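>>> how would this look folded up:
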Amino acid sequence: MDFEQARFNMVEQQIRTWDVLDQDILDLLFRVRRENFVPEAYRALAFADMEIPLGYGEAMWPPKLEARVLQALEVKAGDAVLEVGTGSGYFTALLAYKARQVLSVEIIPEFTQQAKARLAAQGIFNVALETGDAARGWPSQGPYDVIVLTGSVPVLPEAFKKSLKPGGRLFAIVGDAPVMEARLVTCGGDGIHAAANLFETCVRPLVNAPQPERFVF
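Residues are numbered from 1 along each chain as shown. Have a look, this model is predicted:
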């Protein structure tokens, strides 16, 4: 398989066409080799417009979603980032190239170990990986400039907003299947937050995400 041609096609046919035009991000997609973060059985599908199964009922985001979220977060070189849900470690790697430091928390220990090996193999060392349940927040290392939840939540826990620095950005996919909203929350300081819905999508839920009270008839 010609990985370089497949990578080029991914960028030109999937990512540019979904309004990801930040050249730094497009360049980064060529630099960080997605195929090295994909389970071996799915390596030939590393650049396909699809979720890639990781096991334990989890999956990698499609490439265009990863790129679109990275663009929306506007990660800067001095930023401290919290990622909830490490998964394969690929999105962690993209964040690490943009930020000063990334703390990524994963509930599945095997994913943590696999991501640690993959990131080290790529020479990425500004990432701290922890195994734990961060579905209700992870304030111990906060506050953060950027927070990203890689699984969906029915409602967005307030704890994440409280862990943002002034000017900080939080990305989460909020709602229930089949239609969810990709939401960007910005902290203006003094507990003031502005939220914008960016697009509709549907991804797998975050393990142990808090559930709203639901009426039963």
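
>>> make it CA atoms for all contacts and neighbour counts henceforth
Will do.

>>> Mind giving me the packing neighbours of the longest strand along the chain?
When the chain is scanned for its longest strand (criterion: DSSP state E), the result is strand 164-176. Contact partners of strand 164-176 among helices and strands, from 3 or more C-alpha pairs under 8 Å, 6 or more residues apart in numbering; DSSP states H and E: helix 63-73, strand 144-149, strand 179-189.

>>> nearest to Arg100, of those?
Judged by C-alpha to C-alpha, the one of the helices and strands packed on strand 164-176 that comes nearest to Arg100 is strand 144-149, at 10.3 Å.

>>> Okay, now the sheet partners of that closest one, with direction.
strand 80-84 (parallel), strand 164-176 (parallel) (DSSP bridges).

>>> secondary structure class for Asp133?
In three-state terms, and counting by DSSP: H, G, I helix; E, B strand; the rest coil, Asp133 is coil.

>>> How about it, nearest residue that isn't a chain neighbour?
Once flanking residues are discounted, Asp133 sits nearest to Ile107: 5.2 Å by C-alpha to C-alpha, 6 or more residues apart in numbering.

>>> Show me where the protein has its strands.
Under the criterion DSSP E, the chain contains strands at 52-55, 58-60, 80-84, 101-106, 127-131, 144-149, 164-176, 179-189, 192-201.

>>> per-residue confidence for Ser140?
The model reports Ser140 with a pLDDT of 88.

>>> same thing with the one 4 residues further on?
As predicted, Tyr144 sits at a pLDDT of 98.

>>> which one's the longest helix in the protein?
As assigned by DSSP state H, the longest helix anywhere in the chain is helix 109-121.

>>> just to revisit the earlier point, gap between the residue nearest to Asp133 and Ala134?
8 Å (C-alpha to C-alpha, to the nearest Å).

>>> where are the low-confidence patches of the protein?
Scanning the chain for pLDDT under 70 picks out the ranges 214-217.

>>> for it, which residue is closest to the average position?
In the chain, the C-alpha nearest the mean C-alpha coordinate belongs to Thr150, at 4.4 Å (C-alpha atoms, centre = their mean).

>>> For the nearest residue to that residue once chain neighbours are set aside, give me the backbone phi and psi.
Closest residue in space to Thr150, ignoring its immediate chain neighbours: Gly85 at 5.5 Å, by C-alpha to C-alpha, 6+ apart. Backbone torsions of Gly85, given as degrees, to the nearest 10, read phi 100, psi 90.

>>> Output the strands paired with strand 144-149 as TSV; include the columns distance to Gln13.
Below are the strands paired with strand 144-149 laid out as TSV (distance: least, C-alpha to C-alpha, whole Å):
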stretch	distance to Gln13
strand 80-84	27
strand 164-176	24
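
>>> on that earlier part again, which one's more surrounded, Ile107 and Ala134?
Ala134 (23 against 20; other C-alpha atoms under 10 Å).

>>> Check the gap between the residue nearest to the centre of the chain and Leu28 for me.
Distance, Thr150 to Leu28, using C-alpha to C-alpha: 19 Å.

>>> Ok, Phe3 next?
Using C-alpha to C-alpha, Phe3 is found at 15 Å from Leu28.

>>> out of the strands paired with strand 144-149, deepest packed?
For these, the largest average neighbour count (mean count of other C-alpha atoms under 10 Å) is found in strand 80-84, namely a mean of 27.
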